[in-house]
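Participant: what would the 3D arrangement of this be:
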Amino acid sequence: MEQTSPTLPDKTSLFDNAFREYVKQCKNVIKQNYPENDDNIYLDPNMKAIKNYFRLYKKMSADEHFQYFEKIFAINRTKILNNENDEWIRKGDIIIQLGGLQLTGIKTTDEKRKQVRIYVSNIYNIACKLRDNAKELFDNIDLKFVDEKSKMDIQTPDLLLLHIFKIFSHLSNNDDKLILIKNINKLEDKLGILIKTIIPTNITPTPTNTTNTNTNAGGFSGLFSIARTIMESSGIKPPPEMKTPTDDDVSRSINAVFQSEGTQNVIKKMVTSLQGCNDVGTMFQSVVSDIANPTTISVLQSSIQQTAQQAVKPNDVVNVSTESTPLNNTNNSMNSGS
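Facilitator: Got it, this is the predicted structure:
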(Lines give C-alpha, C1' and ligand atoms only; values in the text may rest on other atoms or scores of the structure.)
Protein backbone atom coordinates (compact mmCIF):
# COMPACT_ATOMS: atom_id res chain seq x y z
CA MET A 1 0.00 0.00 0.00
CA GLU A 2 1.43 3.38 -1.04
CA GLN A 3 2.14 5.76 1.81
CA THR A 4 1.07 9.38 1.51
CA SER A 5 3.08 12.16 3.11
CA PRO A 6 1.33 14.01 5.97
CA THR A 7 -0.53 17.19 5.03
CA LEU A 8 1.31 20.31 6.16
CA PRO A 9 -0.72 22.93 8.08
CA ASP A 10 -1.76 25.79 5.84
CA LYS A 11 -0.38 29.31 6.20
CA THR A 12 -3.62 30.74 7.62
CA SER A 13 -3.96 28.17 10.43
CA LEU A 14 -0.28 28.54 11.36
CA PHE A 15 -0.65 32.32 11.51
CA ASP A 16 -3.86 32.02 13.53
CA ASN A 17 -2.25 29.77 16.17
CA ALA A 18 0.82 32.02 16.46
CA PHE A 19 -1.26 35.20 16.62
CA ARG A 20 -3.50 33.82 19.38
CA GLU A 21 -0.41 32.89 21.41
CA TYR A 22 1.01 36.37 20.85
CA VAL A 23 -2.20 38.06 22.03
CA LYS A 24 -2.31 35.78 25.08
CA GLN A 25 1.26 36.71 25.98
CA CYS A 26 0.51 40.43 25.50
CA LYS A 27 -2.40 40.17 27.94
CA ASN A 28 -0.16 38.35 30.44
CA VAL A 29 2.40 41.16 30.23
CA ILE A 30 -0.24 43.78 31.01
CA LYS A 31 -1.55 41.69 33.93
CA GLN A 32 1.98 41.22 35.30
CA ASN A 33 2.31 45.00 35.47
CA TYR A 34 -0.46 45.19 38.10
CA PRO A 35 -0.81 43.69 41.59
CA GLU A 36 -2.73 40.42 41.69
CA ASN A 37 -6.55 40.78 41.57
CA ASP A 38 -6.30 44.49 40.74
CA ASP A 39 -9.41 45.46 38.77
CA ASN A 40 -7.52 48.35 37.16
CA ILE A 41 -6.00 45.79 34.78
CA TYR A 42 -9.14 45.89 32.69
CA LEU A 43 -9.14 49.70 32.58
CA ASP A 44 -5.62 49.74 31.17
CA PRO A 45 -5.76 51.26 27.63
CA ASN A 46 -3.38 48.59 26.31
CA MET A 47 -5.64 45.82 27.65
CA LYS A 48 -8.88 47.43 26.45
CA ALA A 49 -7.50 48.01 22.95
CA ILE A 50 -6.11 44.50 22.45
CA LYS A 51 -9.26 42.85 23.85
CA ASN A 52 -11.40 44.87 21.42
CA TYR A 53 -9.07 43.96 18.56
CA PHE A 54 -9.13 40.25 19.39
CA ARG A 55 -12.91 40.25 19.78
CA LEU A 56 -13.25 41.50 16.19
CA TYR A 57 -10.39 39.28 14.98
CA LYS A 58 -12.36 36.18 15.99
CA LYS A 59 -15.21 37.29 13.70
CA MET A 60 -12.90 37.74 10.69
CA SER A 61 -10.72 35.55 8.52
CA ALA A 62 -7.16 35.37 9.89
CA ASP A 63 -5.64 36.14 6.49
CA GLU A 64 -7.19 39.62 6.62
CA HIS A 65 -4.58 40.42 9.30
CA PHE A 66 -1.50 39.22 7.37
CA GLN A 67 -0.92 42.70 5.96
CA TYR A 68 -0.22 44.33 9.34
CA PHE A 69 2.60 41.93 10.24
CA GLU A 70 3.90 41.88 6.67
CA LYS A 71 4.31 45.66 6.83
CA ILE A 72 6.10 45.49 10.19
CA PHE A 73 8.47 42.86 8.79
CA ALA A 74 9.05 44.68 5.49
CA ILE A 75 9.97 47.93 7.26
CA ASN A 76 12.26 46.24 9.81
CA ARG A 77 13.43 43.21 7.79
CA THR A 78 17.19 43.76 8.06
CA LYS A 79 17.14 44.39 11.82
CA ILE A 80 14.79 41.46 12.49
CA LEU A 81 16.83 38.96 10.47
CA ASN A 82 20.18 40.15 11.86
CA ASN A 83 18.65 39.90 15.35
CA GLU A 84 21.44 41.91 16.97
CA ASN A 85 19.16 43.94 19.24
CA ASP A 86 15.51 44.79 19.88
CA GLU A 87 15.59 48.48 18.93
CA TRP A 88 13.22 47.92 15.99
CA ILE A 89 10.38 47.04 18.40
CA ARG A 90 11.53 48.88 21.52
CA LYS A 91 11.99 52.25 19.83
CA GLY A 92 9.76 51.74 16.80
CA ASP A 93 6.49 52.94 18.38
CA ILE A 94 4.73 50.16 16.42
CA ILE A 95 0.94 50.06 16.57
CA ILE A 96 -1.31 47.65 14.67
CA GLN A 97 -4.52 49.50 13.86
CA LEU A 98 -7.48 47.45 12.73
CA GLY A 99 -8.93 49.21 9.70
CA GLY A 100 -12.30 49.45 8.06
CA LEU A 101 -14.31 49.31 11.27
CA GLN A 102 -18.09 49.24 10.85
CA LEU A 103 -19.58 49.94 14.27
CA THR A 104 -23.36 49.95 13.95
CA GLY A 105 -24.89 53.18 15.16
CA ILE A 106 -21.51 54.66 16.11
CA LYS A 107 -19.56 57.11 14.00
CA THR A 108 -16.01 55.78 13.70
CA THR A 109 -13.81 58.60 14.96
CA ASP A 110 -10.06 58.59 15.55
CA GLU A 111 -10.70 58.26 19.27
CA LYS A 112 -12.90 55.21 18.67
CA ARG A 113 -10.25 53.62 16.42
CA LYS A 114 -7.67 53.96 19.19
CA GLN A 115 -9.75 51.49 21.20
CA VAL A 116 -9.27 48.72 18.60
CA ARG A 117 -5.54 48.24 18.12
CA ILE A 118 -2.44 46.47 19.43
CA TYR A 119 0.23 48.66 21.02
CA VAL A 120 3.08 46.36 19.96
CA SER A 121 6.01 48.52 21.12
CA ASN A 122 4.28 49.81 24.24
CA ILE A 123 3.47 46.30 25.49
CA TYR A 124 7.01 45.15 24.71
CA ASN A 125 8.44 48.07 26.67
CA ILE A 126 6.24 47.15 29.66
CA ALA A 127 7.78 43.67 29.45
CA CYS A 128 11.28 45.18 29.36
CA LYS A 129 10.51 47.26 32.46
CA LEU A 130 9.28 44.16 34.31
CA ARG A 131 12.44 42.28 33.28
CA ASP A 132 14.78 45.09 34.33
CA ASN A 133 13.07 45.49 37.73
CA ALA A 134 13.29 41.76 38.40
CA LYS A 135 16.94 41.58 37.34
CA GLU A 136 17.81 44.50 39.60
CA LEU A 137 16.02 42.86 42.53
CA PHE A 138 17.72 39.50 42.03
CA ASP A 139 21.10 40.68 40.81
CA ASN A 140 23.80 37.99 41.20
CA ILE A 141 21.27 35.45 42.50
CA ASP A 142 20.94 32.02 40.86
CA LEU A 143 17.71 31.83 38.86
CA LYS A 144 16.62 28.65 40.71
CA PHE A 145 16.21 30.75 43.90
CA VAL A 146 14.03 33.36 42.17
CA ASP A 147 10.24 33.22 42.68
CA GLU A 148 8.03 32.18 39.76
CA LYS A 149 6.58 35.64 39.11
CA SER A 150 10.03 37.21 38.87
CA LYS A 151 11.21 34.39 36.60
CA MET A 152 8.24 35.13 34.36
CA ASP A 153 9.06 38.85 34.41
CA ILE A 154 12.65 38.13 33.36
CA GLN A 155 11.55 35.95 30.45
CA THR A 156 8.61 38.07 29.23
CA PRO A 157 10.36 40.16 26.50
CA ASP A 158 11.89 37.01 24.97
CA LEU A 159 8.49 35.29 24.98
CA LEU A 160 6.94 38.22 23.11
CA LEU A 161 9.74 38.17 20.52
CA LEU A 162 9.38 34.40 20.19
CA HIS A 163 5.69 34.63 19.29
CA ILE A 164 6.05 37.58 16.93
CA PHE A 165 9.02 35.90 15.18
CA LYS A 166 6.83 32.84 14.67
CA ILE A 167 4.17 35.05 13.05
CA PHE A 168 6.81 36.53 10.73
CA SER A 169 8.11 33.05 9.84
CA HIS A 170 4.65 31.85 8.80
CA LEU A 171 4.33 34.86 6.46
CA SER A 172 7.84 34.49 4.98
CA ASN A 173 9.34 32.20 2.37
CA ASN A 174 12.54 30.24 1.91
CA ASP A 175 15.70 32.13 3.03
CA ASP A 176 13.90 34.62 5.31
CA LYS A 177 11.92 31.79 6.90
CA LEU A 178 15.10 29.77 7.51
CA ILE A 179 16.83 32.72 9.21
CA LEU A 180 13.74 33.46 11.33
CA ILE A 181 13.53 29.83 12.48
CA LYS A 182 17.20 29.96 13.50
CA ASN A 183 16.45 33.10 15.54
CA ILE A 184 13.40 31.36 17.04
CA ASN A 185 15.56 28.37 18.02
CA LYS A 186 18.01 30.70 19.81
CA LEU A 187 15.14 32.17 21.85
CA GLU A 188 13.82 28.67 22.59
CA ASP A 189 17.27 27.66 23.89
CA LYS A 190 17.43 30.80 26.03
CA LEU A 191 13.96 30.13 27.46
CA GLY A 192 14.67 26.44 28.10
CA ILE A 193 12.00 25.23 25.66
CA LEU A 194 12.71 21.58 24.89
CA ILE A 195 10.48 21.05 21.83
CA LYS A 196 12.05 23.22 19.17
CA THR A 197 10.50 24.80 16.09
CA ILE A 198 11.66 22.82 13.05
CA ILE A 199 12.20 23.82 9.43
CA PRO A 200 9.23 22.74 7.28
CA THR A 201 10.02 19.96 4.81
CA ASN A 202 8.78 22.05 1.87
CA ILE A 203 11.36 24.82 2.45
CA THR A 204 14.74 24.76 0.71
CA PRO A 205 17.40 27.49 0.88
CA THR A 206 18.53 29.34 -2.23
CA PRO A 207 21.43 27.21 -3.60
CA THR A 208 23.78 30.17 -4.15
CA ASN A 209 22.76 31.83 -0.88
CA THR A 210 22.22 35.13 -2.68
CA THR A 211 19.90 36.53 -0.02
CA ASN A 212 21.74 39.32 1.80
CA THR A 213 19.94 40.43 4.95
CA ASN A 214 22.18 43.46 5.35
CA THR A 215 20.75 45.77 2.71
CA ASN A 216 22.92 48.58 4.05
CA ALA A 217 26.01 46.63 3.03
CA GLY A 218 25.12 46.37 -0.67
CA GLY A 219 22.35 43.76 -0.62
CA PHE A 220 20.50 45.14 -3.65
CA SER A 221 18.20 42.11 -3.87
CA GLY A 222 17.03 42.81 -0.31
CA LEU A 223 15.74 46.22 -1.39
CA PHE A 224 13.69 44.63 -4.19
CA SER A 225 12.31 42.05 -1.72
CA ILE A 226 11.21 44.80 0.67
CA ALA A 227 9.55 46.75 -2.16
CA ARG A 228 7.73 43.62 -3.35
CA THR A 229 6.50 42.80 0.18
CA ILE A 230 5.18 46.34 0.68
CA MET A 231 3.43 46.20 -2.73
CA GLU A 232 1.75 42.89 -1.86
CA SER A 233 0.68 44.02 1.61
CA SER A 234 -0.82 47.17 0.04
CA GLY A 235 -3.02 45.14 -2.30
CA ILE A 236 -0.77 45.38 -5.38
CA LYS A 237 -0.15 41.80 -6.52
CA PRO A 238 2.91 41.30 -8.76
CA PRO A 239 2.42 38.31 -11.13
CA PRO A 240 4.20 35.06 -10.12
CA GLU A 241 6.60 35.33 -13.08
CA MET A 242 7.89 38.69 -11.80
CA LYS A 243 11.05 37.50 -10.02
CA THR A 244 13.23 39.43 -7.57
CA PRO A 245 16.69 40.03 -9.09
CA THR A 246 19.70 38.65 -7.27
CA ASP A 247 22.67 40.80 -6.26
CA ASP A 248 24.54 39.32 -9.24
CA ASP A 249 21.75 40.40 -11.61
CA VAL A 250 21.87 43.98 -10.31
CA SER A 251 25.68 44.06 -10.40
CA ARG A 252 25.71 42.82 -14.00
CA SER A 253 23.20 45.50 -15.01
CA ILE A 254 25.24 48.28 -13.36
CA ASN A 255 28.40 46.91 -14.98
CA ALA A 256 26.65 46.87 -18.38
CA VAL A 257 25.73 50.55 -18.00
CA PHE A 258 29.33 51.52 -17.20
CA GLN A 259 30.72 49.37 -20.02
CA SER A 260 28.47 50.93 -22.68
CA GLU A 261 30.14 53.17 -25.26
CA GLY A 262 28.11 56.25 -24.25
CA THR A 263 29.00 55.95 -20.55
CA GLN A 264 32.67 55.33 -21.38
CA ASN A 265 32.76 58.54 -23.46
CA VAL A 266 31.19 60.50 -20.57
CA ILE A 267 33.78 59.14 -18.13
CA LYS A 268 36.67 59.96 -20.50
CA LYS A 269 35.36 63.54 -20.90
CA MET A 270 35.14 63.94 -17.09
CA VAL A 271 38.70 62.62 -16.60
CA THR A 272 39.99 64.98 -19.30
CA SER A 273 38.30 67.99 -17.67
CA LEU A 274 39.97 67.15 -14.34
CA GLN A 275 43.49 67.36 -15.73
CA GLY A 276 43.65 71.15 -15.33
CA CYS A 277 42.36 71.11 -11.72
CA ASN A 278 44.82 71.84 -8.92
CA ASP A 279 42.60 71.61 -5.82
CA VAL A 280 39.69 69.51 -4.52
CA GLY A 281 37.15 72.34 -4.76
CA THR A 282 37.83 72.94 -8.46
CA MET A 283 37.71 69.19 -9.14
CA PHE A 284 34.36 68.88 -7.38
CA GLN A 285 32.88 71.81 -9.32
CA SER A 286 34.12 70.30 -12.60
CA VAL A 287 32.51 66.90 -11.85
CA VAL A 288 29.19 68.49 -10.83
CA SER A 289 29.19 70.63 -13.96
CA ASP A 290 29.80 67.59 -16.18
CA ILE A 291 27.08 65.52 -14.50
CA ALA A 292 24.53 68.36 -14.72
CA ASN A 293 25.23 68.83 -18.42
CA PRO A 294 22.03 67.96 -20.41
CA THR A 295 24.10 66.02 -22.97
CA THR A 296 25.65 63.89 -20.18
CA ILE A 297 22.22 63.17 -18.68
CA SER A 298 20.84 62.20 -22.10
CA VAL A 299 23.75 59.80 -22.76
CA LEU A 300 23.38 58.11 -19.34
CA GLN A 301 19.62 57.74 -19.79
CA SER A 302 20.17 56.14 -23.19
CA SER A 303 22.73 53.69 -21.72
CA ILE A 304 20.37 52.69 -18.90
CA GLN A 305 17.45 52.20 -21.32
CA GLN A 306 19.55 50.01 -23.61
CA THR A 307 20.63 47.87 -20.65
CA ALA A 308 17.02 47.51 -19.45
CA GLN A 309 15.82 46.49 -22.91
CA GLN A 310 18.49 43.82 -23.11
CA ALA A 311 17.61 42.50 -19.65
CA VAL A 312 13.84 42.28 -20.22
CA LYS A 313 12.61 39.39 -22.37
CA PRO A 314 9.24 39.67 -24.19
CA ASN A 315 7.49 37.34 -21.75
CA ASP A 316 8.80 39.35 -18.76
CA VAL A 317 6.49 42.29 -19.51
CA VAL A 318 3.76 42.31 -16.87
CA ASN A 319 0.71 44.29 -15.89
CA VAL A 320 0.50 45.10 -12.16
CA SER A 321 -2.98 44.89 -10.69
CA THR A 322 -3.99 47.61 -8.22
CA GLU A 323 -7.02 45.73 -6.96
CA SER A 324 -7.41 46.39 -3.24
CA THR A 325 -8.01 43.87 -0.50
CA PRO A 326 -11.20 44.25 1.59
CA LEU A 327 -9.35 46.04 4.40
CA ASN A 328 -7.04 48.07 2.16
CA ASN A 329 -8.47 51.58 2.38
CA THR A 330 -7.43 54.93 3.79
CA ASN A 331 -8.52 53.92 7.28
CA ASN A 332 -6.57 50.71 7.15
CA SER A 333 -2.90 51.65 7.27
CA MET A 334 -0.65 50.53 10.10
CA ASN A 335 -0.18 53.65 12.23
CA SER A 336 3.15 54.30 13.87
CA GLY A 337 1.90 56.55 16.63
CA SER A 338 -0.90 56.84 19.13
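Participant: give the buried residues for stretch 75-93.
Facilitator: 75-81, 83, 86, 88-89, 92 (16 or more other Cβ atoms under 10 Å). In short, each C-beta sits where N, CA and C put it, glycine included.
Participant: those residues into a markdown table, with extra columns for distance to M60, pLDDT and secondary structure?
Facilitator: A markdown table is the format used below for these (distance: Cβ to Cβ, whole Å; pLDDT from 0 to 100; DSSP: H, G, I helix; E, B strand; the rest coil):
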| residue | distance to M60 | pLDDT | secondary structure |
| --- | --- | --- | --- |
| I75 | 23 | 93 | helix |
| N76 | 25 | 95 | helix |
| R77 | 26 | 94 | helix |
| T78 | 31 | 94 | helix |
| K79 | 29 | 95 | helix |
| I80 | 26 | 96 | helix |
| L81 | 29 | 95 | helix |
| N83 | 31 | 91 | coil |
| D86 | 29 | 95 | coil |
| W88 | 27 | 96 | helix |
| I89 | 24 | 96 | helix |
| G92 | 25 | 90 | coil |
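Participant: just the closest of those to K27, please.
Facilitator: Proximity of those to K27 (Cβ to Cβ) peaks at I89, which lies at 17.6 Å.
Participant: quick check: which element contains the closest residue in space to that closest one that isn't next to it in sequence?
Facilitator: Counting by Cβ to Cβ, 6 or more residues apart in numbering, Y124 is the residue found nearest to I89 once chain neighbours are left out, at 5.1 Å. Here Y124 sits within helix 120-137, counting by DSSP states H and E.
Participant: can you spell out which helices and strands pack onto that helix?
Facilitator: Other helices and strands packing on helix 120-137, by 3 or more Cβ pairs under 8 Å, 6 or more residues apart in numbering; DSSP states H and E, are helix 11-32, helix 45-57, helix 87-90, helix 148-170.
Participant: how does it look with 10 Å?
Facilitator: helix 11-32, helix 45-57, helix 66-82, helix 87-90, helix 148-170 (3 or more Cβ pairs under 10 Å, 6 or more residues apart in numbering; DSSP states H and E).
Participant: so which of these is nearest K269?
Facilitator: Among the helices and strands packed on helix 120-137, helix 66-82 comes nearest to K269, with 38.1 Å by Cβ to Cβ.
Participant: so for P239, what's the pLDDT?
Facilitator: P239 is assigned a pLDDT of 64 by the prediction.
Participant: let me fix that: E136
Facilitator: With respect to pLDDT, E136 has a value of 84.
Participant: again, but for S260
Facilitator: On pLDDT, S260 comes in at 67.
Participant: and P157, by the same measure?
Facilitator: In this model, P157 is scored at 96, pLDDT.
Participant: that one and Q115: what is the separation?
Facilitator: Per Cβ to Cβ, to the nearest Å, P157 is found 26 Å from Q115.
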